[in-house]
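Participant: Sequence first, predicted coordinates after that:
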Amino acid sequence: MQSSNADIVRRKRFDQIVGVFHQDMYRYAAWLCRDKAIAEDVVQESMLRAWKSLDALRDDAAAKPWLLTIVRRENARYFERKRLETVDIDNLTASQSALLAEQPDEDLGDMRAAIYALDDDYREPLVLQVLMGFSTNEIAEQMDLKQGAVLTRLHRARAKLKEAMQEQAIQ
Amino acid sequence: MNCDDYKQAIGADPNFDGGAGHVSECESCQAYRREMLALDEQIKRALSINVPEIETPALEPVDNSNVVSLQKRRKLVTVWFAAAATVIVAAMVVRNQAPDGGIHYESLGEEVLAHVYHEPGALVPSDVRVADDRLHEVVPASVADFDRSAGLITYAETCPISGNEVPHLIIQGQRGPITIMLLPDEKITEAIPLNDENSHGVILPVGDGSIAIIGARDEKLEEVQKQIVQSVMWDT
């Protein structure tokens, strides 16, 4: 069966949006679940969900938060389905280790390990702010939090990372 | 603004541009700001992991005629999105992030309400009915016999509720989409009302399971409830 013009336009729109934001989708997923293999699964599921729901996206300018919301929900769904246990940083699988393995220099490796070890509550807003460029208002919306709670978490996240890096420097 | 306030703000966002009067005269705060900006650079580099090639999954054609006919539906969209926004607030109140990263809810009603907004595509009013094949895929005979007498079904997905994949359907009501969730494994002894400022509904006991029905605040659901209960027969 031949694709209609509408199908082609829809697919083109999807490819454009995902093409621009797939790196953000993957990195967000990877830091949410802290596992590269799971992140790939989550991104693929998110692509499917985005494809089905594309018509609900009225404004392409809002595509990034829309996609990241889908990634966040798919990640939660993945863990609901699998009921995975939390991971002890001293007992990583190969896929989890891979997330920490890319380290062009020692400081970066230490920082990556420190971010990995942060509680989810602190890591996620930090990723959204520093990597995704979200404002604290946007983070509050994304995470269903009050802005004050976001500010507190971000402040504590940086304090914890600063402390971790200082400890590393002493050792 | 004093040093504590400024450092608190900079710790939350190193690009914070308030407190200019204070920081211009405070060397300690200037140094702290530089330190936080440097830390953020390091954080950003650490977060920027390599991205592998991710294959786009097979995308099946979607009936995009589901897009709202705006002139006809604009009013309903406004009403329904307002309801959805309120549901988000309700979800915010009730959700808990479990240690395993999943979201756990205090009750079935809370989970169902939160899920109403969980499906971004579900809240789109539509005139186009879901194909029979799709409906049978989502509501297989092994779950229930479900006929179409309850109304125009425009959305059908399988969604996780309480750890089970359940049919999530939308029929078009008078005031916007009406969410229906078939919960064959959720036996309840009495109806659970679901209410907030802009939406209302109920989880009804039906045989050994239950059915959730949620619509806009001004949607009359009584007749819909009756029709839906009559249109479902659990497979036992």
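Facilitator: On my side now, so go ahead.

Participant: Helix, strand, or coil at the residue lying farthest from the centre of chain B?
Facilitator: Note on chain B: the largest C-alpha distance from the chain mean falls to residue B:25, namely 48.3 Å (CA atoms, centre = their mean). Recorded secondary structure, residue B:25: coil (DSSP: H, G, I helix; E, B strand; the rest coil).

Participant: And the contacts of stretch A:160-171?
Facilitator: For stretch A:160-171, contacts defined as CB atoms under 8 Å, 6 or more residues apart in numbering or on different chains pick out A:107, A:110-111, A:114-115, A:117-118, A:122, B:35, B:39, B:42-43. Glycine gets a C-beta too; all of them are placed from N, C-alpha and C.

Participant: again, only this time at 6 Å
Facilitator: The contact list for stretch A:160-171 (CB atoms under 6 Å, 6 or more residues apart in numbering or on different chains) reads A:110, A:114.

Participant: from the chain's centre, how far out does it sit?
Facilitator: Once both centres are worked out by CA atoms, centre = their mean, to the nearest Å, stretch A:160-171 turns out to sit 24 Å from its chain's centre.

Participant: Run through the residues that contact the most centrally placed residue in chain A.
Facilitator: In chain A, the C-alpha nearest the mean C-alpha coordinate belongs to residue A:28, at 1.5 Å (CA atoms, centre = their mean). Residue A:28 sits next to A:68, A:71 when contact means CB under 6 Å, 6+ apart.

Participant: residues of the host helix or strand of it that come out buried?
Facilitator: Using DSSP states H and E, residue A:28 sits in helix A:5-33. Using 16 or more other CB atoms under 10 Å in any protein chain shown as the test for burial, helix A:5-33 gives A:10-11, A:14, A:17-18, A:21-33.

Participant: Could you do stretch A:121-135 as well?
Facilitator: Buried positions in stretch A:121-135, judged by neighbour count with 16+ other CB under 10 Å: A:122-132, A:134.

Participant: First-to-last residue distance for it?
Facilitator: From its first residue to its last, stretch A:121-135 covers 17 Å (CA to CA, to the nearest Å).

Participant: Ok, stretch B:199-215 next?
Facilitator: This stretch, stretch B:199-215, spans 6 Å end to end (CA to CA).

Participant: Can you tell me the closest non-neighbouring residue to residue A:126?
Facilitator: The shortest distance from residue A:126 to any non-neighbouring residue, by CB to CB, 6 or more residues apart in numbering or on different chains, is to residue A:157 (4.6 Å).

Participant: For residue B:195, name its beta-bridge partners.
Facilitator: Assessed by DSSP bridges, residue B:195 has beta-bridge partners residue B:200.

Participant: doesn't residue B:22 make contact with residue B:1?
Facilitator: Yes: the criterion here is CB atoms under 6 Å, and residue B:1 meets it with residue B:22 at 4.6 Å.

Participant: Could you confirm residue B:169 falls within a helix?
Facilitator: No: per three-state DSSP, residue B:169 lies outside any helix segment and is strand.

Participant: what's the residue nearest to it when sequence neighbours are not counted sitting at in phi/psi?
Facilitator: With sequence-adjacent residues excluded and distances taken as CB to CB, 6+ apart, residue B:169 is closest to residue B:180, at 4.4 Å. Here is the backbone geometry of residue B:180 (degrees, to the nearest 10): phi -130, psi 130.

Participant: Give me the pLDDT value at residue B:180.
Facilitator: On pLDDT, residue B:180 comes in at 91.

Participant: How about the one 5 residues further on?
Facilitator: pLDDT recorded at residue B:185 is 86.

Participant: do the same with the one 10 residues further on
Facilitator: Each residue has a pLDDT score; the one for residue B:195 is 82.

Participant: what about it, neighbour count?
Facilitator: 14 (other CB atoms under 10 Å in any protein chain shown).

Participant: Kindly report the same for residue B:132.
Facilitator: For residue B:132, the tally of surrounding residues (other CB under 10 Å) stands at 9.

Participant: same question, residue B:200
Facilitator: 18.

Participant: mind checking how far it is from residue A:21?
Facilitator: 36 Å (CB to CB, to the nearest Å).

Participant: Where does the prediction get shaky in chain B?
Facilitator: Scanning chain B for pLDDT under 70 picks out the ranges B:62-105, B:117-126, B:197-198, B:235-236.

Participant: what about the closest residue to residue B:189 other than its chain neighbours, which SS state?
Facilitator: Setting aside the residues directly before and after it, residue B:189 is nearest to residue B:205 in space (CB to CB, 6+ apart), at 6.5 Å. Secondary structure for residue B:205, judged by three-state DSSP, is strand.

Participant: Tell me the bridge partners for residue B:205.
Facilitator: The partner list for residue B:205 in beta bridges (DSSP bridges) reads residue B:210.

Participant: Then residue B:179?
Facilitator: Here residue B:179 sits in beta bridges with residue B:170, residue B:214, going by DSSP bridges.

Participant: wait, isn't it in contact with residue B:214?
Facilitator: Yes: taking CB under 6 Å as the definition, residue B:179 is a contact partner of residue B:214 at 4.5 Å.

Participant: Touching, residue B:9 and residue B:17? I think so.
Facilitator: No: taking contacts as CB under 6 Å, residue B:9 lies outside contact range of residue B:17: 9.7 Å.

Participant: Those two - which one has more neighbours?
Facilitator: Per other CB under 10 Å, whichever of residue B:9 and residue B:17 has more neighbours is residue B:9, with 18 against 8.

Participant: what helices or strands is whichever strand or helix holds the more buried one leaning on?
Facilitator: Assigned by DSSP H and E, residue B:9 belongs to helix B:3-12. The helices and strands touching helix B:3-12, judged by 3 or more CB pairs under 6 Å, 6 or more residues apart in numbering or on different chains; DSSP states H and E, are helix A:147-170, helix B:27-47.

Participant: So which bits of it are buried?
Facilitator: Here helix B:3-12 shows B:6-7, B:9-12 as buried, counting by 16+ other CB under 10 Å.
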